[in-house]
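**Q** got a sequence here, can you build the structure:
(chains A and B)
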Number of protein chains: 2
Amino acid sequence: MTITEDKALYERTLSAIEPMDVQWLDRASSYQCRLTKPPGSLGVLETVAARLCGIQQTLPPIIDRTKVIVFAADHGLTRHHVVGPYPREVTAQMVANFAAGGAAINAFARLNDASFAVVNMGVDAELSQFGLSESENLIEAPVAAGTQDITSGPAMSEAELYQALSTGIRLADECADAGYQAVAVGEMGIGNTTVAGAVTSALLHMAPADVTGRGTGADDDTLRRKITLIEQAMDVNKASLDSGFSVLRSLGGFELAGIAGLTLGLARRRIAVVADGYISTAAVFAATTLTSGVSDYVFCGHRSTEPGHQALLDAMNQKPLLDLGLRLGEGTGACLSLSLLKAAARAMSDMATFDEAGVEDKA
Amino acid sequence: MTITEDKALYERTLSAIEPMDVQWLDRASSYQCRLTKPPGSLGVLETVAARLCGIQQTLPPIIDRTKVIVFAADHGLTRHHVVGPYPREVTAQMVANFAAGGAAINAFARLNDASFAVVNMGVDAELSQFGLSESENLIEAPVAAGTQDITSGPAMSEAELYQALSTGIRLADECADAGYQAVAVGEMGIGNTTVAGAVTSALLHMAPADVTGRGTGADDDTLRRKITLIEQAMDVNKASLDSGFSVLRSLGGFELAGIAGLTLGLARRRIAVVADGYISTAAVFAATTLTSGVSDYVFCGHRSTEPGHQALLDAMNQKPLLDLGLRLGEGTGACLSLSLLKAAARAMSDMATFDEAGVEDKA
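**A** This is a model prediction of the structure:
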C-alpha cells in the first residue's frame, strides 16, 4: 500500500465512525427491568449489556465470537537507554513465545475460547530466526525495525504512522468480516511503558512524574530515569504535540499506532474493543481523540497500577471490569474480561422475564 | 437419617479436615518464577494458583470441572415482618425459575460450563405446584417449611441444624466423587440478608447497625426495621450465641446451614469452595469457625456492597476476585469468578518456562 492509500483508508474510516445508538440503550434498560432480578442488581453487567445493545443496535446483544490481538514492536528508546529489567531482545523472543502458544495470553485465550493473533508491527529482529513464518497466529506487518529514539526526535514519519494505523484498520475489517463481536487488544514491546507514559502525558497535559510508575518492575533509579526520558522526549518533540495524531507520530510506537488503528476500524464496524492495562489503554485513548464517537465502543478490561492509567480512564469515563493486580500486558486483563462481556450479554439473552417465570415483581 | 447419624457425620467431617499443604505453596511460587512473565505479574492469580496447589497437593493445579449449588429456604422472620421489597412467595417462585433454567445464575453457569443444582433446604411451599419434581437440577432436602422467627426464639432445633449441615456435607461428597475441583455456592431466601446480618453481628461481635445494608433494595424505613429486628433476635437468643454452631442454630437459616455443611465437606475432600456475596460468605465464615483449616479452602468470588461483607472478608483475610456491583446473590458473583480460578490454574499448566521458550530472564 502507498502512503496515499493508507491515508485515504484512515480518513475514510474516521469520517464513517458513528456513535453508539442511544435508542437501544433505553430499550435495553426497559427490558432489563422485566428480567427476574431486582432492578439494577446485575450492577456493571447491566451497563455493559446496554452499551453492547447500543453498539450492535440489537437486543439482546451477542458476544459469542471473540478475538485477542497482540501488537508487538520495538522502540528506538531502548537502543540507548535502560527503562526496565528486560533487554530489547525480549520483544522478539516473546513474539516467538506468543506464536508458539506458550505465553500467559495464549493460556487465557484458549481458556476463553478466543481466537488469537500476534502482529509484528515492527520488532527489531528477523522472526525467521525463531523458525517463525506468517500464519493465522502471526501476522507480519512490520513498519520498520523499531521506532526512532523519541528523546532525540519523532518516533516515526507521517507515512509510517499512516501505515501502522492502516494495518490496524484492515485487521478490524478482517475481524468484522469473520464475525467477531468483541476484540481484546494487547501489546508487547520492551520499553513501551515509558512510551505510553509520554503519550499519556502529552495527550492529557500531565507532568511525566504524575503518570509514570514502575512498569513490569522498575527500581527507584529506573523510575527516575523513565521520568527524565519522558520529559526529554516531550521537550524535543514539543512543537508537534498538538493533536492525537501528532502525539502518536512524535512519541508513540508502532504497536500503539496499530492498536489505535484497530480501535478506529472496530468503531467503524460497530464492534466492541476491549483495552487491557496502561499501554493499550493509552493507545485506545489516542484513537478516541482522533474523532468523536470512538469511546462508545471501548471497554476497559483491567485496572493497571500505573498512575497514568487512572487519568486515561477518567478521560474516557471508564471503570475497568477487573482489578486483579496484573501487570503483564499482552492483553491478559482484556482477555479475562471477555467472559464478563459474554456474561452481560447472556443475562439479556438467557434470563426469563417475571411474566415468563411466574415470579412476582415487587410487592 | 437420624439425628445420631447426622451428628456423627458432622463430627467425623470436622475431625477429618486438614489445612492446605504449605509445602505445595512454596513449590508453586518457585515454579511461577520460571514461567515467561515478570515475577508476580499475574497478581492475584498467582496467589490463587498457589493456594490451589496447596489445596490439591499438586502442581499444576486443575480447575476444569466446576459446579454451582444454590441453597434455598424460607425464614420465619418473613411471616411477621417485612424486610425487603419482595414477598415470601418469591423464594419458591425463584426456585422454580432456577430449576427451569431462567435465572441469572443459570445463564452464568451455562456460559462458564459449570454444572448447576438448586437445593430446597426448606422452602415454605409445595414445589410440585410449579410442576417441579426432584431432578439433577433440583435437590429436595427440606428440613422444614422455613425456620422459626428468630426475633422470638431460635431459628431451628439442634436436630434441624445437624440435618441441614449433613445435607451440605453429603452434597460435598457427591461433588468430590463426581470429580468437581471447585464449587461455587449461592443462596436464595427472601429475608436472608437480615438473617445474614444477625449471624455476622453475632459471630463478629459487631453492632447490627454496623453490618446492615439495603439488601436487594431496602428503603430507609426497611433498613431501620432490619437493624431493630436483628437487635431483637440477638437479644432474645443472647444465651446461645457462644459458638458458630449455636449462632447458626439460633439466628441462621436452613440455606446458610446447608452452605456451612457443604463448606466443611468440601474442605474435608480438599476441594475449593467459592463464596458469593454477603449471605453466602456469612455462611461460609460460620463454617470456618467450627474447626480450624476450613478457611484455607475458601475463595471469595465477589465484593458485596453490604457493610457486613467487608468485616467477614477481613476476618477470613480474603479479597474478592470480582467487584461488579452485583447485589443479586444466587451465586452469580461466585460463578463468574470461576473463570478466574480456571485462568489461575491454566497459567500454571499452559505457560512455557523461560528455558522452554528461549526467552531471556532478567538482564
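**Q** who in the stretch 201-350 of chain A is up against chain B?
**A** Residues of the stretch 201-350 of chain A lying close to chain B (CB under 8 Å from any CB of the partner chain) are A:216-217, A:321-328, A:332, A:336, A:339-340, A:342-343, A:346-347, A:349-350. To be clear about C-beta, it is placed using only N, CA and C from the backbone, and glycine gets the same treatment.
**Q** tell me, how many residues neighbour the residue of the stretch 101-250 of chain A found nearest chain B?
**A** Closest approach of the stretch 101-250 of chain A to chain B (CB to the nearest CB) occurs at residue A:102, with a separation of 2.9 Å. When neighbours are defined as other CB atoms under 10 Å in any protein chain shown, residue A:102 has 22 of them.
**Q** quick one: the helices in the stretch 1-150 of chain A?
**A** Per DSSP state H, counting those that start in this stretch, the stretch 1-150 of chain A carries helices over the ranges A:3-16, A:22-32, A:44-56, A:77-80, A:90-100, A:104-111.
**Q** could you dump those to JSON lines with distance to chain B, mean pLDDT and mean neighbour count?
**A** JSON lines is the format used below for the helices of the stretch 1-150 of chain A (distance: least, CB to the nearest CB, whole Å; pLDDT from 0 to 100; neighbours: other CB atoms under 10 Å in any protein chain shown):
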{"stretch": "helix A:3-16", "distance to chain B": "33", "mean pLDDT": "97", "mean neighbour count": "16"}
{"stretch": "helix A:22-32", "distance to chain B": "11", "mean pLDDT": "96", "mean neighbour count": "16"}
{"stretch": "helix A:44-56", "distance to chain B": "4", "mean pLDDT": "98", "mean neighbour count": "23"}
{"stretch": "helix A:77-80", "distance to chain B": "11", "mean pLDDT": "94", "mean neighbour count": "20"}
{"stretch": "helix A:90-100", "distance to chain B": "4", "mean pLDDT": "96", "mean neighbour count": "25"}
{"stretch": "helix A:104-111", "distance to chain B": "4", "mean pLDDT": "98", "mean neighbour count": "25"}
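**Q** residue A:353 and chain B: what is the separation?
**A** Separation of residue A:353 from chain B (CB to the nearest CB, to the nearest Å): 8 Å.
**Q** now for that residue, how many residues are close by?
**A** Neighbours of residue A:353 (other CB under 10 Å): 14.
**Q** partner residues bridging it?
**A** residue A:35 (DSSP bridges).
**Q** correct me, but it touches residue A:33?
**A** No: the criterion here is CB atoms under 8 Å, and residue A:353 misses it with residue A:33 at 9.5 Å.
**Q** which residues are in contact with each of the two?
**A** By CB atoms under 8 Å, 6 or more residues apart in numbering or on different chains, residue A:353 and residue A:33 have no common neighbours.
**Q** residue contacts, residue A:271?
**A** Per CB under 8 Å, 6+ apart, neighbours of residue A:271: A:55, A:172, A:175, A:176, A:180, A:181, A:182, A:183, A:297.
**Q** kindly recompute the last result at 6 Å.
**A** For residue A:271, the contacting residues are residue A:176, by CB atoms under 6 Å, 6 or more residues apart in numbering or on different chains.
**Q** got it, and residue A:229?
**A** By CB under 6 Å, 6+ apart, residue A:229 lies in contact with A:81, A:151.
**Q** show me the contacts for residue A:64.
**A** Residues near residue A:64 by CB under 6 Å, 6+ apart: none.
**Q** show me the shaky parts of chain A.
**A** Counting by pLDDT under 70, chain A contains low-confidence residues at A:215-216, A:363.
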